[in-house]
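**Q** Sequence plus predicted model, see below.
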Amino acid sequence: MRPVLDALAAAWRHPQGRVGALILLIVAVAAIVGPWLLPDPLSQPDILAGSMPPGLGHPFGTDQLNRDILSRVVTGARISLGVALLAVALSMTLGAAVGLVSGYLGGVVDAALMRLVDGALAIPRLFILLLVLAVWERVPVLALILLIGATGWFATSRIVRAEVLRLREEAYVRAAEALGARRRRIIFRHLLPNVVGPLLVTATLAVGDVILLEAGLSFLGLGIQPPLPSWGGMILDSKEVLVSAPWAGIFPGLAIVITVLSANLFGDALRDAVDPRGA
Amino acid sequence: MSGWVLRRALQAAVTFLVALAILFVLMRAAPGDPLLRLGGDRPISPKEIAVLRARYGLDQPVGRQLTAFVQGLVHGDLGVSIEYGRPVTALLTERLPATLLLGGSVLLLNFTVGLWLGVRQAVRRGRREDRWLTTLSLAGYAMPSFWLGLVLAWLVGIHWRLLPAAGMQDPLLSSDAGWGVRAVDVLSHLVLPVLTLSVVSIAATMRHQRSAMLEVLRLPYILTARAKGLPERDITWRHAWRNALFPVITLFGLWLPILVTGSVFVEAVFAWPGLGSLAAGAVGNRDYPLLMGTSLLVAALVVASGFATDIAYALLDPRVRLA
């Protein structure tokens, strides 16, 4: 845990990193408490009133069904962040497992796994997801999380593998092998703690990518399904009222930009802390 | 050298075959029956399903299906689109030029403006301009392309009426218009999609160029050049940049997936008649043969561009051949 805490502390000392971390915290707190304080994102007080511009009662205005956009954006934050965090956790676990096994065992296992990763990386992630998700009329949230997570580990496994290839030549790993430590002990005790740093950087940057990916899928109708509010889905709905009620699409888009930018600023600061060469 | 090229070509072929196998397995292993989707709201009777299965060869064993698919692929036959009722290959070849025009223009912008900005950042490393350019390009990278596209279409296209916000040609243009008028027409339609895709993608180019340039700037020969009293501009562009350009070439291979993914959204928003809007439409219509064909073509392009990048890199920089 020590190197992780050091990296987080170093990222906090980084000016952009701190801004990113603070904004992410605010978004996370809003996502957790916001839905309790704001009006129901599904309620339509007066459906005939149509969309209202931003004003006193509704700071972000209302959409074409007269639903409060602020509370939809905040509830959307809960959903987008939840999906992203769970999917990234799954990707990182898979990527670390494949990278550790492939890098440490080498040989046929390594060759087979890496050819699989090469092939998978040749198909852009969006296309893999389009093919699989198009099966459902209404994509279940759990399937969305699992599939986004299951398609996000290819590059991570390569990063972890490269790190393991370097580490396994280190004297302390050699010493552990000479002392007769089992493979499992070497992988978990000696290799895993040393790949946590790069893994943390990859995970932070992956959160931003997954938020964008989920928004894109929802925009194409293959992500979070209405009436559940999601940022991408709100932008899709706003297409119909682009001219008469531009605010309906602008605010969810801004929410995406701010959240993803913060995650990436923090991720960059973490990278500089873990690997200072590129700074 | 030729042995290396051959090995690399073999590797590319294997990668493509693995990608093909993955796509095929995904299609067949996906839960549920895609054919049930075909009727839309109308329920499909089991009899109709049986007929459809036979038509698309889905009643055959999986091994036979794969062989049939690969045989078709070798002959340039990717099946028939459900939505259009035409061969997928024909649709893809029809749509490819528009995507190449869009992608090529975005690449051109990235490899001029993006590289220039990256070099500026490296030279002014750590100063205010460097920090702001990083934050700005990251803000562009954080934008969903479809959102930026809609905002630009609304502001520039509809509100200010400066540029066309949909399609590739003006449908009202008379058929006897000269090619000059036509070129201007296509170019004006091209501006907004290209701008959108460039804004969301330029961060990657800038970042690569910046770090490649920083690597070179700390080498001793740059110190020598400074000691000789050469003007900073000559050092930057004549001495440093020449060596910092090679690593950026590898970016081209990484770049294609980003470009193709972005063009799905941007083409859908601006109704640009390319592969991206074809794929986006295929999703809506659950047009599996078309979706599969597009994915395969994209995978082939990604593998080919990775291969071409490696070869170009080795030709330009003799040092990497050993690796």
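**A** Received the coordinates, thanks.

**Q** can you count the residues close to the residue of the stretch 1-150 of chain B found nearest chain A?
**A** Closest residue of the stretch 1-150 of chain B to chain A, Cβ to the nearest Cβ: B:V18 (2.7 Å). In short, each C-beta sits where N, CA and C put it, glycine included. Neighbour count of B:V18, defined by other Cβ atoms under 10 Å in any protein chain shown: 21.

**Q** hang on, isn't it packed against A:L113?
**A** No - proximity of B:V18 to A:L113 does not meet the contact threshold set by Cβ atoms under 8 Å, at 11.2 Å.

**Q** Does the closest residue in space to A:A89 that isn't next to it in sequence lie in a helix or a strand, and which?
**A** Spatially, and ignoring its direct neighbours in sequence, A:A89 is nearest to A:G149 (7.3 Å; Cβ to Cβ, 6 or more residues apart in numbering or on different chains). Taking DSSP states H and E as the criterion, A:G149 maps to helix A:141-150.

**Q** List the buried residues for the next helix or strand after that helix?
**A** Counting by DSSP H and E, the next helix or strand C-terminal to helix A:141-150 is helix A:154-167. Using 16 or more other Cβ atoms under 10 Å in any protein chain shown as the test for burial, helix A:154-167 gives A:154-161, A:163-164, A:167.

**Q** I'd guessed B:L133 sits against B:V119; true?
**A** No - the criterion here is Cβ under 8 Å, and B:L133 misses it with B:V119 at 11.1 Å.

**Q** neighbour count winner among the two?
**A** Neighbour tally, B:L133 and B:V119, criterion other Cβ under 10 Å: the higher count belongs to B:V119, 22 against 18.

**Q** Was I right to think that one contacts B:T236?
**A** Yes - counting by Cβ under 8 Å, B:T236 is a contact partner of B:V119 at 6.6 Å.

**Q** Dump stretch A:207-218 to CSV, restricted to CA.
**A** Extracted C-alpha coordinates of stretch A:207-218, given in CSV (Å, rounded to 0.1, in the frame of the first residue of the first chain):
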residue,chain,number,x,y,z
VAL,A,207,-12.2,5.9,-15.9
GLY,A,208,-12.4,8.9,-18.2
ASP,A,209,-12.3,6.7,-21.3
VAL,A,210,-15.1,4.5,-20.0
ILE,A,211,-17.3,7.5,-19.1
LEU,A,212,-16.9,8.7,-22.7
LEU,A,213,-17.5,5.1,-24.0
GLU,A,214,-20.7,4.6,-22.0
ALA,A,215,-21.9,8.1,-23.0
GLY,A,216,-21.3,7.1,-26.6
LEU,A,217,-23.1,3.8,-26.3
SER,A,218,-26.1,5.5,-24.6
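
**Q** now stretch A:161-177: mean pLDDT?
**A** Stretch A:161-177 comes out with an average pLDDT of 86.

**Q** and the helix or strand where A:F127 lies with chain B, contact?
**A** A:F127 belongs to helix A:125-133 when assigned by DSSP H and E. Yes - counting by Cβ under 8 Å from any Cβ of the partner chain, chain B is contacted by helix A:125-133 at A:125-128, A:130-132.

**Q** what angle separates that helix from helix A:154-167?
**A** 120 degrees (axes from the mean of the first three to the mean of the last three Cα atoms, to 10 degrees).

**Q** now for helix A:125-133, which elements pack on it?
**A** helix A:141-150, helix A:192-219, helix B:2-29, helix B:251-270, helix B:275-284, helix B:288-316 (3 or more Cβ pairs under 8 Å, 6 or more residues apart in numbering or on different chains; DSSP states H and E).
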